[in-house]
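Novice: Pasting the sequence and the predicted model now:
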Amino acid sequence: MIGDAFGAAAVLAFVAQTVRISVPYAFGAMGCAFSERGGVINIAAEGIFLHAALAYTLTAYFTGNAWLGVAAAAAAGLATGALHALVTVTFRADQITSGLGINLLAVGLTRFVLKAVFHSSSNSERVAGLPTWNVPGLSALPGVGPLLGTPLVLVALGLVFFSWWLLFRTPFGLRLRSVGEHPEAAATLGLSVNRLRYAGVLLSGVLAGLGGAWLASDQRSFTDGMSAGRGYIALAAMIVGKWNPVGAALACLLFGAAEALQIRLQGAGIPNEFLQMLPYLVTMLVLAGAIGRARPPASVGRPYDPESHG
Amino acid sequence: MSEPAAPATATASAARSWLRPLLPPAIAVVFSLVAGAGFIFAVGQNPLTVYGAMVAGVFGSAYGWGQVLFKATPLVFTGLAVALGFRAGLFNIGAEGQAYLASFVMGAAGAALAPTLPGPLVLVAAALAGIAAGAAYAAVPGLLKARFGSHEVINTIMLNFIAFALVNYLGHGTFVHETVHTAELPRTALLPRLDLVWPALRGSPVNASLGLAGLACVGVGLLLWRTPFGYELRAVGLSPGAAEYGGARVPAVWVKTMALSGALAALVGVNFVLGYKGYFESGFTAGVGFLGIAVALLGRTHPVGIVLAALFFGALSQGGLVINSLVPKELVDILQAIVILMAIVSHEVVERRLRRRA
């Protein structure tokens, strides 16, 4: 601390890196929270990231407009969410299997399109990324400055609090949570269980879609398998954050910090693999009740069948 | 029901009960091929040409058949692993990680023992070490569910990633310098390839693990329907509460089933490490555990169905290589995913129809 400017700059750079890594996790985790609070397990964030990142890349490639790319990514997320909702809510099929199927579909579909459009099995051509705004006074800050002018970072931050408010402070949030806890009771009160569950899953698609937009915009291209397991980390963060957007965002920062640390420690003689395992180990500990009890919504994973209690 | 009509109705309903389990998988396969035709059209090819080339390329030669059998072998193992879990009401998404870790143990144990032991002993010891590793690793989520009630789905997903990282770490000390694989085992420590008895298969690495896959199917069938434990397992799967009331020790069944499931997944390594390559190579499983879920679902968690489903998926993945010059081979991945989604949807639809008619 004693006037250690270099140390302070290093810390700020570390913080900035942590936040950048956490952004897609946060989008995915918020998304999962909406879906699961409504009673539908969503392990498809991985596939949504891929679909959305490709949609961003294709749109930015053909229009040259990064913002249209973001819109396309959100739309691709919405469409993928709609597929998950169709399979699990309308047809009441198994939610975990549907998520897995969508993730496998995304791997194949994105490679197929990559080959058909860019004639490459590994990457697209370079496309436009989102601009970094110049915020007077803030952008000059060392390390974190550019972050405060990065649109999707700000959107993610805003959405964390908005999502919390929506889930826990609005009638919509209360209704959504009620169909995740006890759909029969919610139906008795005149709520449409299916419509609310659709809303949760579609919201999760759009949010995870923004995460995919971030990945492609940040990298300015699409590469095969670029989600690289991030969708599952997002799912883990949602569990560690106890199905709460703010808690999930904090878990994302924890996981992001572990990853940033890995990059710092590369070549320092400390095995990276243990830091890699951290998010998964923490999630298992939380599920086992070692770090406070994590209780999923009571009816999550259970299809709602109005005929079953008629 | 009037007397004369009874026999006819009985035959019809018998036929229906026979067809009933076959209907959803058939719908899923047909639907995926039709949807796939759309993708083929989209890249400017004729679906009939592409599908025709696929069938001719895969089934037109003994080599093609050999490849189908080779690719189906690990899918039988992971399909059985997932199906056994399903029968006990457990969803093992961790077959991927279990197979990966077990295969690494097979490669590493084999390499460590090869200098001192005769080949066949190395083979048996490496296989047993890997199977034990797979069983122990899969038992962890079983124990966590039994002890803390934590859901095996999330835990097995997490354990997949932990297995990948763990093998990376262990690989530092085990992999041959500047490679990502363990030391190669002597030929005598490997299972014989089938081209020894059927030379037409030359070039295809299909090996004696195929027989092991058959044995595993019979074994799982006997376990499920001919042993007290199998009865207990199925009872727990149908209703844990009722099974417990009937005297089943539900937590013990969960742990044992997961361990058996992991042991089955581990057999993937027997095919790949001890039957084909002779060493463990980083990244080889490439979705074989996840496809096992598709195989178990399409095969209706029955050993016979699993064999058929594994052959179908094996043929598809070989077919992808055949048509790669016409359309991107990822068409096959898309078809596989659509089969999974349609299999669960058509299952629900068919069941609901029948329930309504009943």
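Specialist: Great, that's in hand.

Novice: so A:Arg37 sits right up against A:Gly180, yeah?
Specialist: Yes - contact status for A:Arg37 versus A:Gly180: in contact at 4.9 Å, counting by C-beta atoms under 8 Å. All C-beta atoms are positioned from the backbone trio N, CA, C, and that covers glycine.

Novice: Just the buried positions in stretch A:47-64, please.
Specialist: Neighbour counts over stretch A:47-64 (16 or more other C-beta atoms under 10 Å in any protein chain shown) mark A:47-61 as buried.

Novice: Can you give the distance from it to the centre of its chain?
Specialist: Distance of stretch A:47-64 from the chain centroid (C-alpha atoms, centre = their mean, to the nearest Å) equals 16 Å.

Novice: A:Val40 versus A:Ile102, what's the distance?
Specialist: From A:Ile102 across to A:Val40, the span is 12 Å (C-beta to C-beta, to the nearest Å).

Novice: pLDDT score for A:Asp4?
Specialist: pLDDT, A:Asp4: 53.

Novice: ignore the last one, B:Ala15
Specialist: pLDDT recorded at B:Ala15 is 60.

Novice: can you check A:Gly301 too?
Specialist: pLDDT, A:Gly301: 87.

Novice: Tell me if I'm right that it and A:Gln95 touch.
Specialist: Yes - with contacts counted by C-beta under 8 Å, A:Gly301 reaches A:Gln95, the gap being 5.6 Å.

Novice: where do the contact lists of those two overlap?
Specialist: Jointly contacting A:Gly301 and A:Gln95 under the rule C-beta atoms under 8 Å, 6 or more residues apart in numbering or on different chains are A:Ile41.

Novice: okay, these two: which has more neighbours?
Specialist: A:Gln95 (27 against 17; other C-beta atoms under 10 Å in any protein chain shown).

Novice: Report the contact partners of the more buried one.
Specialist: With contact set as C-beta under 8 Å, 6+ apart, A:Gln95 has these partners: A:Val40, A:Ile41, A:Asn42, A:His84, A:Thr88, A:Gly301, A:Pro303.

Novice: Next up, phi/psi of the nearest residue to it once chain neighbours are set aside, please.
Specialist: What sits nearest to A:Gln95 in space, not counting adjacent residues and going by C-beta to C-beta, 6 or more residues apart in numbering or on different chains, is A:Ile41, at 4.2 Å. Here is the backbone geometry of A:Ile41 (degrees, to the nearest 10): phi -60, psi 130.

Novice: Contacts only, for A:Ile41.
Specialist: A:Ile41 touches A:Ser35, A:Gln95, A:Ile96, A:Gly99, A:Val300, A:Gly301, B:Val153, counting by C-beta under 8 Å, 6+ apart.

Novice: rerun at 7 Å
Specialist: A:Gln95, A:Ile96, A:Gly99, A:Val300, A:Gly301 (C-beta atoms under 7 Å, 6 or more residues apart in numbering or on different chains).

Novice: between the residues you listed, which is nearest chain B?
Specialist: Proximity of these to chain B was ranked by C-beta to the nearest C-beta; the top entry is A:Ile96 with 5.6 Å.

Novice: Can you give me the buried ones in the helix or strand containing the closest one?
Specialist: A:Ile96 belongs to helix A:95-118 when assigned by DSSP states H and E. With burial defined by 16+ other C-beta under 10 Å, the residues of helix A:95-118 counted as buried are A:95-115, A:117-118.

Novice: At the contact with chain B, which residues of the stretch 151-300 of chain A appear?
Specialist: Within the stretch 151-300 of chain A, the positions adjacent to chain B are A:229, A:232, A:236, A:239, A:271, A:273, A:276-277, A:280-281, A:283-284, A:287-289 by C-beta under 7 Å from any C-beta of the partner chain.

Novice: For chain A, tell me whether the longest helix along chain B is touching it.
Specialist: Secondary structure of chain B per DSSP state H: the longest helix is helix B:119-148. Yes - residues of helix B:119-148 are located near chain A by C-beta under 7 Å from any C-beta, namely B:Leu144, B:Phe148.

Novice: Kindly report the same for stretch B:74-91.
Specialist: Yes - residues of stretch B:74-91 contacting chain A under C-beta under 7 Å from any C-beta: B:Phe91.

Novice: what's around A:His182, how many residues?
Specialist: For A:His182, using other C-beta under 10 Å, the count is 15.

Novice: so it touches A:Ala298, yeah?
Specialist: Yes - using C-beta atoms under 7 Å, A:His182 makes contact with A:Ala298 at a distance of 6.4 Å.

Novice: Report pLDDT for the residue nearest to A:Arg177 when sequence neighbours are not counted.
Specialist: Here the nearest residue to A:Arg177 in space, its sequence neighbours aside, is A:Arg37; by C-beta to C-beta, 6+ apart that works out to 5.2 Å. Note for A:Arg37: predicted pLDDT of 96.
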